[in-house]
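> Could you look at this predicted model? Sequence included:
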Amino acid sequence: MFTTVSARQIQREYKKVLEEANKSKEPVIVMSNNKPVGAVIGLDQLEKLRLDAVLAEALEDYKAGKTKSISTQEELEADFEEMRKEANA
């Protein structure tokens, strides 16, 4: 079960709520008029969500054939160089 806080409590005790979200590793649900309106999550949880999204995208790319195999150090270096050029363009 998630911890819940009122929107007013967020205003008054935001530091405490953030500490709870970071400590519990679970979202803290923000309620307004007894209805859930949002959530506060800790930085570790945010990073996990971001990594999960990146992994899901990479898996989709792999399944769609948008990836390539790199089997040598030279191929890896050439690929990095290509990425650097694209980033600077």
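Done, it's in. Numbering: from 1, shown residues only.

> C-alpha only now, for contacts and for neighbours.
Fine.

> most centrally placed residue in this protein?
The chain has R50 as the residue nearest its centroid, 2.2 Å off, counting by CA atoms, centre = their mean.

> Do you know the pLDDT at that residue?
On the pLDDT scale, R50 is placed at 96.

> now the strands: where do they sit in this protein?
Assigned strands in the chain, in chain order: 3-6, 28-32, 35-40 (criterion: DSSP state E).

> shaky segments in this structure?
The chain contains no residues with pLDDT under 70.

> quick one: the residue lying farthest from the centre of the chain from M83, how far?
Relative to the centre of the chain, the most outlying C-alpha is that of E74, 32.3 Å out, by CA atoms, centre = their mean. Distance of E74 to M83, computed by CA to CA, to the nearest Å: 14 Å.

> and the residue lying closest to G42 once chain neighbours are set aside, how many residues sit next to it?
Closest residue in space to G42, ignoring its immediate chain neighbours: N22 at 4.2 Å, by CA to CA, 6 or more residues apart in numbering. N22 is flanked by 18 other residues according to other CA atoms under 10 Å.

> So L43 is in contact with K23, correct?
No: L43 is beyond contact range of K23, at 10.2 Å (criterion: CA atoms under 8 Å).

> now the helices for the chain?
7-24, 43-63, 73-88 (DSSP state H).

> Kindly present those as CSV, with separate columns for distance to N33.
Listed next are the helices of the chain as CSV, based on distance: least, CA to CA, whole Å:
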stretch, distance to N33
helix 7-24, 9
helix 43-63, 26
helix 73-88, 48
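
> what's the most buried one of those helices?
Mean neighbour count (mean count of other CA atoms under 10 Å) peaks for helix 7-24 among those, with a mean of 15.

> quick check: angle from it to strand 28-32?
Helix 7-24 and strand 28-32 meet at an angle of 170 degrees, taking axes from the mean of the first three to the mean of the last three CA atoms, to 10 degrees as the criterion.

> re the thing from before, for the residue nearest to the centre of the chain, give its distance to E57.
R50 is 11 Å from E57, by CA to CA.
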